[in-house]
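In: With the sequence up front, the predicted model follows.
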Protein chains: 2
Amino acid sequence: MKIVEGKTVSCVKGYKAAGCHVGLKNSGKKDMAVIYSEVPAVSAAVFTTNVVKAAPVLIDMEHVKNPTTRALVINSGNANACTGQQGIEDCKATAVKLAENLNIKPEEVMVYSTGVIGQLLDMDKILAGADTCVKALSSGGDEVHKAIMTTDVKEKCIFVETEIGGKTVSICGIAKGSGMIHPNMATMLAYVVTDAAVSKDVLEKMHKEITSVTFNMVTVDGDTSTNDTATIIANGCAGNSIIDKTEGTDYEDFYEAVYYINEFLAKAIAADGEGATRLMEVEVTGAESGEQARTCARSVAASSLVKAAIHGADANWGRVLCAMGYSGAEFDQMKVDVAFASSKGSIDVFVKGVPLNFDEDKALEILTNDAIQIKINMNCGSSKVKAWGCDLSKDYVEINGSYRS
Amino acid sequence: MKIVEGKTVSCVKGYKAAGCHVGLKNSGKKDMAVIYSEVPAVSAAVFTTNVVKAAPVLIDMEHVKNPTTRALVINSGNANACTGQQGIEDCKATAVKLAENLNIKPEEVMVYSTGVIGQLLDMDKILAGADTCVKALSSGGDEVHKAIMTTDVKEKCIFVETEIGGKTVSICGIAKGSGMIHPNMATMLAYVVTDAAVSKDVLEKMHKEITSVTFNMVTVDGDTSTNDTATIIANGCAGNSIIDKTEGTDYEDFYEAVYYINEFLAKAIAADGEGATRLMEVEVTGAESGEQARTCARSVAASSLVKAAIHGADANWGRVLCAMGYSGAEFDQMKVDVAFASSKGSIDVFVKGVPLNFDEDKALEILTNDAIQIKINMNCGSSKVKAWGCDLSKDYVEINGSYRS
């Protein structure tokens, strides 16, 4: 598996893509994108669990059931969420327009929106934008990953090549994140685009499994947005023998590469959380079950008090124990170990339920870093998991407290 | 029912109390308190649901089962949490010492600690402090409510007199709150002290019911501490006919007064949240069930994004819908109304699933206030509830991000 710098989604065989400015963002930045597969592809998607689902989520939950997918269309600047029946109609009209332009079926189009909540889409701009994007479709050098950004500071794009059954398979992952909802800006969106040949059934199972331990383990502020969606699309153009079972070397190689991409994007979203100055990785090992591990890890990563302590480079293990304690998971605190780590080393602070008199200067040195690990060993089993978050800074309050503008 | 200014817990008939400095806080502030009933009283308590429970919580869960309670002893400055078996032994020794001094049984003593997590109590100071406090016991003018404070900015004490069956019953409530865990400072503690005659059984039922809609509806940062406890004690010295059933005028009068006190203290804790500049009340009406109402209200009150918006006086209803959506409660967003209100008026922003074009200047005027209401009507039933929280300010990050000192 090799990481290739500088390549984007349309560098994957059999795809064309475009990211354009169609007038939704006043800033003049790119705000609409299309990813198009020249041949019928299969897709899988995981959607927000929020009861309040944006219109495109409701539409895509249907469209993803179609045996084939040909195009993904994404707009930023408006989330088309809480927009009632008109929002649904607008979303359908976008799919129909794309389908006409590309000579495919509307149900082969997946539609995504991110941005302001509670405002109707400017359909004149969206429909004209669909024309613009389709005309601009090209292979290589697209800027889709830029067109999907809202308040993200950093671009999130990664390209991997791997050998599967003797064929080179390309996989590109892009994402946007930041706050789950910025002042009216919503959504984590992630796309993994590959030319691998894989059955829809296997793709669905693998995608669900990988997102559960990558994107679903990211928390910026605990607020699951109305639009969150992670999509994977595979068109088979790499020419590998089709992966149609969830075992064997081909599946494992594919899984490894997709997992790598998802984890990379998950960490990038956490590190680019609103106001973030540090990436925080919570690693739970020795858990009785994956469920126990996930519950504890997510609770620690989401705790405002833990996040504030990490911001202040404070080895405040009491807050880690406390967040595990209210997570809903049952465990015996007398078995728990806690350590803090970073590239500058590791320090044990709590061992088998007993606080250690640790070296505060050493802890401060470890915690004064861009990427911090909180390592928890529950010492009661063999399950493990990681969760990612970021510190809680004054800038988070500044960004999210400012009057909508 | 009448609110009496200037009275404290030991002004309730049949109680003596003292708040002293015994050396646990370096600041020289009061750090230990005893509340003593001259006659056998009944008590009830609700404890933290955190799996990680401090030593005094574990002891009190046993002691509260005793038919009678005579004394409450509280120390601030050290939470006796995550202190292993030694913490349990220290807590027991404190109860034994108090019992000897007061000539009562150890199981008639309830012990509470709040402050630093993960450090053993200085038992020399605690045991000498028990002598000091018992010698200082007096009726009227105690400062127990000051001795239980940690990072609280404001004192929280309220005294009510009400008529029950022709007798004047006094009820005093005190509490401490602030962050659920300040840099190593833990705990919400609340005490309601009354001379009402009431059976233990009725007291338990009433206390559980009232705390579920008052203290359990407060969130400062979503972090349930290791020490949280709400206790009520009643010694019968008012001479009213014993309240031994959960119905009838006497019960209702008593319930009303205790409810008033609990709600008062709950709001005071929210308003004094770390870094808080505004009290936020989330009122859910028209819910299908109390459970649905509570789930939605607590989720909105706990949302970092809602809290940051309230800090910035931003009528960001999208975040309110979003927090309801991920709360875990099922509901139909197309029925929901949302309004913001304060002493400066009320403004509808979302009606039956449709965003309104509201007057932003009017909204800003309403939200620029010390106490803000978020009013949610689910329009699908008759259950209602309130939750209380505070805004998320940069000071919260400052307080909780600073290196432990």
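Out: Thanks, I have it. This structure is a prediction, so every number in the text was calculated from the model and none was measured.
In: going forward, measure contacts and count neighbours with C-alpha atoms only.
Out: Noted.
In: Any part of the strand or helix carrying residue A:98 near chain B?
Out: Per DSSP states H and E: residue A:98 is located in helix A:84-102. Yes: counting by C-alpha under 8 Å from any C-alpha of the partner chain, chain B has neighbours in helix A:84-102: residue A:84.
In: pLDDT averaged over that helix - what is it?
Out: Mean pLDDT, computed over helix A:84-102, is 96.
In: next one: stretch A:315-333
Out: Rounded mean pLDDT across stretch A:315-333 is 89.
In: got the end-to-end distance for it?
Out: 18 Å (C-alpha to C-alpha, to the nearest Å).
In: for stretch A:317-335, same thing?
Out: Note: stretch A:317-335 ends 15 Å apart using C-alpha to C-alpha.
In: Let me know whether that stretch sits next to chain B.
Out: Yes: Stretch A:317-335 reaches chain B (C-alpha under 8 Å from any C-alpha) through A:318-319, A:321-326, A:328, A:330-331, A:333-334.
In: Export those residues as a markdown table, with columns for neighbour count and secondary structure.
Out: Output for the residues of stretch A:317-335 next to chain B, formatted as a markdown table (neighbours: other C-alpha atoms under 10 Å in any protein chain shown; DSSP: H, G, I helix; E, B strand; the rest coil):
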| residue | neighbour count | secondary structure |
| --- | --- | --- |
| A:318 | 26 | helix |
| A:319 | 28 | helix |
| A:321 | 27 | helix |
| A:322 | 29 | helix |
| A:323 | 30 | helix |
| A:324 | 28 | helix |
| A:325 | 26 | helix |
| A:326 | 23 | coil |
| A:328 | 15 | coil |
| A:330 | 16 | coil |
| A:331 | 19 | coil |
| A:333 | 20 | helix |
| A:334 | 18 | helix |
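In: Output those as TSV; include the columns distance to residue A:52.
Out: Below are the residues of stretch A:317-335 next to chain B laid out as TSV (distance: C-alpha to C-alpha, whole Å):
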residue	distance to residue A:52
A:318	35
A:319	31
A:321	32
A:322	30
A:323	27
A:324	28
A:325	29
A:326	26
A:328	24
A:330	30
A:331	33
A:333	37
A:334	40
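In: Please look at residue A:15 and residue A:35 and confirm they touch.
Out: Yes: using C-alpha atoms under 8 Å, residue A:15 makes contact with residue A:35 at a distance of 7.0 Å.
In: so what's in contact with those two at the same time?
Out: Common neighbours of residue A:15 and residue A:35 are listed as residue A:9 (criterion: C-alpha atoms under 8 Å, 6 or more residues apart in numbering or on different chains).
In: more neighbours, those two?
Out: residue A:35 (28 against 25; other C-alpha atoms under 10 Å in any protein chain shown).
In: Who does the helix or strand harbouring the more buried one pair with, and is each partner parallel or antiparallel?
Out: Secondary structure assignment for residue A:35, by DSSP H and E: strand A:32-47. When pairing is defined by DSSP bridges, strand A:32-47 lines up against strand A:15-20 (antiparallel), strand A:69-78 (antiparallel), strand A:229-234 (antiparallel).
In: can I get those in TSV with mean pLDDT?
Out: Listed next are the strands paired with strand A:32-47 as TSV, based on pLDDT from 0 to 100:
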stretch	mean pLDDT
strand A:15-20	97
strand A:69-78	96
strand A:229-234	94
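In: These into a markdown table, with extra columns for distance to residue B:122?
Out: What follows is these, written out as a markdown table (distance: least, C-alpha to C-alpha, whole Å):
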| stretch | distance to residue B:122 |
| --- | --- |
| strand A:15-20 | 65 |
| strand A:69-78 | 58 |
| strand A:229-234 | 53 |
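In: still on that earlier bit, I'd like the average pLDDT over the strand holding residue A:35.
Out: 96.
In: And it, what's buried?
Out: Buried residues in strand A:32-47, counting neighbours by 16 or more other C-alpha atoms under 10 Å in any protein chain shown, are found at A:32-37, A:40-47.
In: Same check on stretch A:100-113?
Out: Here stretch A:100-113 shows A:102, A:104-113 as buried, counting by 16+ other C-alpha under 10 Å.
In: Same question for stretch A:356-368.
Out: A:363, A:366-368.
In: Considering only the residues you listed, which also neighbour chain B?
Out: Okay, of the buried residues of stretch A:356-368, nothing touches chain B (C-alpha under 8 Å from any C-alpha).
In: And stretch A:281-294, what's buried?
Out: For stretch A:281-294, by 16+ other C-alpha under 10 Å, it's A:281-290, A:292-294.
In: now for those residues, which pair is the farthest apart?
Out: The widest separation within the buried residues of stretch A:281-294, taken as C-alpha to C-alpha, falls between A:281 and A:288 and amounts to 20.2 Å.
In: re earlier: and the angle from the strand holding residue A:35 to helix A:84-102?
Out: Put simply, strand A:32-47 runs at 120 degrees to helix A:84-102, going by axes from the mean of the first three to the mean of the last three C-alpha atoms, to 10 degrees.
In: Would you state the helices of chain A in chain order?
Out: A:55-63, A:84-102, A:123-136, A:144-147, A:200-213, A:249-271, A:290-302, A:304-311, A:317-325, A:360-367, A:394-401 (DSSP state H).
In: on contacts alone, who are the packing partners of the longest one?
Out: I take that to be helix A:249-271. strand A:157-164, strand A:167-176, strand A:189-194, helix A:200-213, strand A:279-287, strand A:383-390 (3 or more C-alpha pairs under 8 Å, 6 or more residues apart in numbering or on different chains; DSSP states H and E).
In: Kindly reformat the ones you listed as a markdown table containing distance to residue B:359 and mean pLDDT.
Out: Below are the helices and strands packed on helix A:249-271 laid out as a markdown table (distance: least, C-alpha to C-alpha, whole Å; pLDDT from 0 to 100):
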| stretch | distance to residue B:359 | mean pLDDT |
| --- | --- | --- |
| strand A:157-164 | 41 | 96 |
| strand A:167-176 | 32 | 95 |
| strand A:189-194 | 32 | 93 |
| helix A:200-213 | 41 | 93 |
| strand A:279-287 | 40 | 96 |
| strand A:383-390 | 36 | 92 |
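In: Looking at these, which is nearest to residue A:98?
Out: strand A:189-194 (18.4 Å).
In: Over to residue A:315: give its phi and psi.
Out: With angles defined as degrees, to the nearest 10, residue A:315 sits at phi -80, psi 60.
In: who's in contact with it?
Out: So residue A:315 contacts A:309, A:340, A:349, A:360, A:363-364, A:367 (C-alpha under 8 Å, 6+ apart).
In: quick one: which of those is nearest to residue B:11?
Out: residue A:309 (41.4 Å).
In: surely the closest one meets residue A:316?
Out: Yes: using C-alpha under 8 Å, residue A:309 is in contact with residue A:316, at 6.4 Å.
In: Between those two, which has more neighbouring residues?
Out: When neighbours are counted by other C-alpha under 10 Å, residue A:309 and residue A:316 differ, and residue A:309 comes out ahead with 29 against 22.
In: so how far is chain B from the more buried one?
Out: Residue A:309 sits at a distance of 5 Å from chain B (criterion: C-alpha to the nearest C-alpha, to the nearest Å).
In: so what pLDDT did that residue get?
Out: Reported pLDDT for residue A:309: 89.
In: Ok, the one 3 residues further on next?
Out: pLDDT for residue A:312: 89.
In: count of neighbours near it?
Out: 24.
In: Show the contacting residues for the residue of chain A positioned farthest from its centre.
Out: For chain A, the residue at maximal distance from the C-alpha centroid (C-alpha atoms, centre = their mean) is residue A:357, at 38.6 Å. When contacts are counted by C-alpha under 8 Å, 6+ apart, residue A:357 touches residue A:349.
In: Give me the phi and psi for it.
Out: phi -80, psi 80.
In: Was I right to think residue A:36 contacts residue A:70?
Out: Yes: using C-alpha under 8 Å, residue A:36 is in contact with residue A:70, at 5.8 Å.
In: I appreciate the help and will end here.
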